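S.K.: would you be able to build a 3D model of this:
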Amino acid sequence: MRILTISFCCVICALLLASCDKATTPITNAQETPAQPTSQPALAAELDTSSAPLAWAPSDDPTIARFLNYVAPKSASWIEHPPSGMGRIANYTIPGRDGNEAAHIVAHYFGQGQGGTVEGNIARWQSQFQVDDDGSLPEPIVNRFEVNSLAVTMIELSGQWKERGTLTFKPDQIFLAAIIELPQGNLFIRLVGQSATVKANEEDYLAMIRGIHVADQD
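M.R.: Okay, here's the model as predicted:
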């Protein structure tokens, strides 16, 4: 009986000591714990709209093309589409005739000081072409002129064209591109497609480039 009493007392003492230790253990203040990085910066990056496509609305006149605060004449046969992709502000399909493939006109604007230099773009476009299967590059035809006090550089390339993001070259292609130096940054307007379709619409395309002007001048 004496042994049981002593054992019981030992158990009671052990429990009391454990309780005291737990009560005297300092509690960490949550405010003293260094704050962990939050996901806010990543969220801000995801919500950054500085490079989002600009607002677009179809033209109410099929003979007028609109680029930012500029307008230019266009063929009514060109089919307007909502632009998609980084920096695109205008997109037209030119139907092919007599069994020829359609061509496309695309306008890009990336912002002040963006989009690369004139020379850099010419070199990049040239690298997308080859004259023959041997991989030789075509020599670009470059013309420079002014339209309503705007400097314009026109580039023409022809041959086999491999569009960015594709794996094969398309034969018999013509690429026309105008780099128009606007006060708010360069505007890029290119026409590319099967040579027969491009040649049939080249004069209308050049009339559009040479006729570009600020919209409030109408």
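S.K.: in this structure residue 176 contacts residue 203, no?
M.R.: No. Residue 176 lies out of contact with residue 203 (Cβ atoms under 8 Å); the separation is 11.4 Å. For glycine as for every other residue, the C-beta is placed from the backbone atoms N, C-alpha and C.
S.K.: neighbour count for those two, which is higher?
M.R.: residue 176 (23 against 10; other Cβ atoms under 10 Å).
S.K.: now do the SS call for the more buried one.
M.R.: Put simply, residue 176 is strand when judged by DSSP: H, G, I helix; E, B strand; the rest coil.
S.K.: need the three-state assignment for the residue nearest to the spatial centre of the chain.
M.R.: Residue closest to the mean C-alpha point of the chain, counted by Cα atoms, centre = their mean, is residue 86 at 1.6 Å. For residue 86, the assignment made with three-state DSSP gives coil.
S.K.: how close does it sit to residue 116?
M.R.: Distance of residue 86 to residue 116, computed by Cβ to Cβ, to the nearest Å: 13 Å.
S.K.: and stretch 155-164, which residues are buried?
M.R.: 155-161 (16 or more other Cβ atoms under 10 Å).
S.K.: inside strands: which ones of the residues you listed?
M.R.: Under the assignment DSSP state E, the buried residues of stretch 155-164 contribute 155-161 to strands.
S.K.: gap between residue 203 and residue 191?
M.R.: 11 Å.
S.K.: and residue 135, by the same measure?
M.R.: 25 Å.
S.K.: so the two - more neighbours on which side?
M.R.: Between residue 135 and residue 191, residue 191 has the larger neighbour count (other Cβ under 10 Å), namely 26 against 9.
S.K.: enumerate every residue touching that one.
M.R.: 94, 103-105, 174-177, 198, 201-202, 205 (Cβ atoms under 8 Å, 6 or more residues apart in numbering).
S.K.: who's the closest spatial neighbour of it, skipping the chain neighbours?
M.R.: residue 176 (4.4 Å; Cβ to Cβ, 6 or more residues apart in numbering).
S.K.: same question, residue 102
M.R.: residue 96 (4.9 Å).
S.K.: how about residue 64?
M.R.: Residue 64 sits nearest to residue 71 (Cβ to Cβ, 6+ apart), 5.4 Å away.
S.K.: same question for residue 136.
M.R.: residue 130 (6.2 Å).
S.K.: ok, now which ones touch the one you found?
M.R.: 136-138, 159-160, 162, 169.
S.K.: mind checking the end-to-end distance for stretch 108-126?
M.R.: 18 Å (Cα to Cα, to the nearest Å).
S.K.: buried stuff in that stretch?
M.R.: 108-110, 115, 118, 121-122, 125-126.
S.K.: could you identify the most distant pair in those residues?
M.R.: 109 and 126 (22.2 Å; Cβ to Cβ).
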